[in-house]
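Asker: Mind looking at a prediction? Sequence and model below.
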Amino acid sequence: MKHTLSVLVENNPGVLARVAGLFSRRGFNIDSLAVGMTDNSSVSRMTIVVEGDERYLEQLNKQLHKLVDVIKISDITRDAYVDRELVLIKVSADAAKRAEIMQLVDIFRARIVDVSPKTLTIEVTGNDGKVTAFEDSLRPFGIKELVRTGKIAMLRGKRASSKNHINKEEDES
Amino acid sequence: MNGVKLSGAQILLKSIEAEGVDTIFGYPGGMALPIYDALYDSGIRHILARHEQGVAHAADGYARATGRPGVCLATSGPGATNLVTGLANAFMDSVPMVAITGQVTRPSLGRDSFQEADITGITMPITKHNFLVKEPAELARTVKEAFYIATTGRPGPVLIDVPSDISLSQIDYKPPYEVNLPGYKPAPNTAPRKIMEAAQAIADARRPLIYAGGGVVISGAHNELLKLAEMLAAPVTCTLMGLGGFPGNHPLFLGMLGMHGTKYANFAVSDCDLLIAVGARFDNRVTGKVETFASKAKIIHIDIDPAEIDKNVKVDIPIEGDVKIVLDQLLAVLRPNLEEAWREKIKAWKREYPLKYCKSGNIKPQYVIQEIYNLTEGNARITTEVGQHQMWTAQYYSFTKPRSFITSGGLGTMGFGLPAAIGVQVGCPDEVVFDIAGDGSIQMNIQELCTAVNYNLPINVAILNNGYLGLVRQWQEMFYNRRYSQSELLNPDFVKLAEAYGAVGIRVTSKEEVAPALQRAIQLKKPVMLDIVIDREDNVLPIVPPGESLDKMLG
Ligand SMILES: Cc1ncc(C[n+]2csc(CCOP(=O)(O)OP(=O)(O)O)c2C)c(N)n1
Ligand SMILES: [Mg+2]
């Protein structure tokens, strides 16, 4: 089963290497990993998607906890959450196919972000199901290039998977 | 109050001293020179080893013997990479250590500068944590955090990489900040419900067995363990790391379990109905084939590191927490449960399958080890190298006190014993220290004999010389059709070698000479190396063949 982990880490140099290194040396596979700063610049959030059974996830969770730079891990898989992924797709589009592609873009509420005589570059945002469906529907036209950000996620409602304000750091006087 | 300006190096040393450190082990070089210069005026005692691997193992031995963090210092590049084996060794055995490495200046970082090595990158998987100091103002706090991380929770080595321009910078010294590590949780909370569950399981057990590991020694829980065992009249078996955590001469003691464990310990594991794992981590050398390990038993697992629970073996009652505290809580709710039939069964196994060796012929390694025990009345601090001699020591020296057996368990590092003995002797100046060594292993860090001579450390190195990489030869004999590929050794004259270093060399070639030679070595109070020529092809028995079940022992 796929799990979505929301991991708060200290925004220290090397923190990505520590997390990635842990995954590789313990034989955990990452489906996707997205990382960026939170509203607190000393804290980053990683959204990690992994596949495995309960015992595997438990071991992964415990090993991640041992990293000093990891502040908090939430497995939000079973909670109600919103998730999004941004995908850029460059697709072959000669004059004959253009209209058909633009129709698909409309249906999926995607956007054309670049145009060339032979291609269209399209941006689509959504959860995994939507972006995968969009990708599938474009495939027959010939996908020349595709890039995904990996998924980011957040709990629904007023619940937060973290207290965002960790009073890290000393007076710098 | 306005602070005085100090150099980064001075602040580094001041911060180390503030942690209660009075002795460090090290080896200088270019990028560490600012630190060495500050050391020249500081009150810290520095032991100069002869190789950075020796530096690291000495700090490790010091830490294991005293329970205080071992501190080591090395230069950038090759100095730092030479520490690597020592750090990995300390990491595997959960030894509190702080390693400080010089680094190239901040502007030179990332440019393949002379003697630059990405030591934080290299040691990421073999340290509990590491730091590259980027600002002089961070130094004091970093040192404080490093010691805090190294010594709390499950201990381990922490490395601090200090660019030399930071060591040279002049800044205001402010006393160290409090640690502020929001992501670091030293010890988990113990769930009281689990204590009750464990107590119930213990009350229900007919055949309980305690399996104690290094966590007992680290947490100082030996008295609690003894109480637990006696209250339940439960037999106790120790891992290699656990030896000394329970009195080796106690009637409830079954010796070591696992690959070279006693038959009765392994039978007890296979037959018990309740296994109480205390500060142990179900290493594959302990469990043999995992599927059949303690297969009739309910398992209670007490450990400070939640990640050890359910890692290798699925347990029934996990208890996260410091072993000493958990045992205390458990003792408060337990009632005696003396199961006579189980103890009778174990007594019968002990009678029927004792540890034994053939006593005729040349000098037997087992005999030498027993003599060291007899002559020191079990009061010596023993280090070992890695190989047959290490396993014989574990089997035949009845360790009765915690921190008396100092051996490389998890990593199995040949070359550990001699530098570790130096660290032990530095930490315990009035005690008798022996490195029980193999002729192969001793040559991996033989240069450290000079360190012992340099500082007048009266360590005794007893080489059990079989002319082989004995453990390798044994495996080749048993599992590779006696094809002795690259396991026979041509050795130097160890006596002359000892003398060349300024130590005393003693050769022992007959059984009658063993005791007098050992006695002389102890009385000399100088560094001594004994070359004890033993039976060439003796084996460590019993043995559970790799991957087999514990009750499938040979020999
Ligand atoms: C650094 C290192 N290299 C290789 C090994 C593999 N190894 C384990 S035991 C052993 C033989 C040790 O020989 P010796 O020190 O003479 O001890 P003996 O087994 O003969 O008592 C070897 C090569 C190791 N454990 N450590
Ligand atoms: Mg040998």
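Answerer: Now that the structure is in, tell me what you want to look at. Ligands and ions are numbered 1, 2, ... in the order given.
Asker: hang on, B:Ala38 packs against B:Ile16?
Answerer: No - assessed by C-beta atoms under 8 Å, B:Ala38 is found out of contact with B:Ile16, at 10.7 Å. Placement of C-beta: from N, CA and C, glycine included.
Asker: okay, now B:Ala38: neighbour count?
Answerer: Neighbour count of B:Ala38, defined by other C-beta atoms under 10 Å in any protein chain shown: 21.
Asker: right, and the helix or strand after the host helix or strand of it?
Answerer: When elements are assigned from DSSP states H and E, B:Ala38 belongs to helix B:33-40. Elements were assigned by DSSP H and E; along the chain past helix B:33-40, the next helix or strand is strand B:45-48.
Asker: what does that next one rub up against?
Answerer: B:22-28, B:39, B:58, B:73, B:422, B:426, B:451, B:454-455 (C-beta atoms under 8 Å, 6 or more residues apart in numbering or on different chains).
Asker: repeat that with 10 Å
Answerer: If you take C-beta atoms under 10 Å, 6 or more residues apart in numbering or on different chains as the criterion, strand B:45-48 is touched by B:21-28, B:36, B:39-40, B:54-55, B:58-59, B:62, B:71-73, B:422-423, B:426, B:450-451, B:454-455, B:457.
Asker: Tell me the buried residues in it?
Answerer: Within strand B:45-48, the residues that count as buried by 16 or more other C-beta atoms under 10 Å in any protein chain shown are B:46-47.
Asker: Paired strands for that strand, with orientation please.
Answerer: strand B:23-26 (parallel) (DSSP bridges).
Asker: Need the CA coordinates for the partner strand. CSV is fine.
Answerer: Extracted C-alpha coordinates of strand B:23-26, given in CSV (Å, rounded to 0.1, in the frame of the first residue of the first chain):
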residue,chain,number,x,y,z
THR,B,23,41.9,13.9,28.2
ILE,B,24,41.7,13.6,24.4
PHE,B,25,43.3,11.4,21.8
GLY,B,26,44.6,12.8,18.6
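Asker: Does B:Pro155 touch B:Met97 like I think?
Answerer: Yes - using C-beta atoms under 10 Å, B:Pro155 is in contact with B:Met97, at 8.3 Å.
Asker: And these two? Which one has more around it.
Answerer: The neighbour count for B:Pro155 versus B:Met97, taken as other C-beta under 10 Å, is higher for B:Met97 (31 against 24).
Asker: who's in contact with the more buried one?
Answerer: Contacts for B:Met97 (C-beta under 10 Å, 6+ apart) come out as B:25, B:56, B:59-60, B:62-64, B:69-72, B:83, B:86-87, B:89-91, B:127-128, B:146, B:150-151, B:155-159.
Asker: Show me which residues of the stretch 201-350 of chain B are close to ligand 2?
Answerer: Taking C-beta under 5 Å from the ion as the criterion, ligand 2 has no neighbours within the stretch 201-350 of chain B.
Asker: Now do the strands for the stretch 201-350 of chain B: every range, in order, please.
Answerer: With DSSP state E, counting those that start in this stretch, the ranges of strands along the stretch 201-350 of chain B come out as B:208-212, B:236-238, B:253-256, B:274-278, B:298-303, B:317-320.
Asker: cool, chain A as well?
Answerer: For chain A, the strands defined by DSSP state E cover A:2-10, A:30-37, A:43-51, A:70-75, A:81-92, A:111-115, A:119-126, A:143-148, A:152-155.
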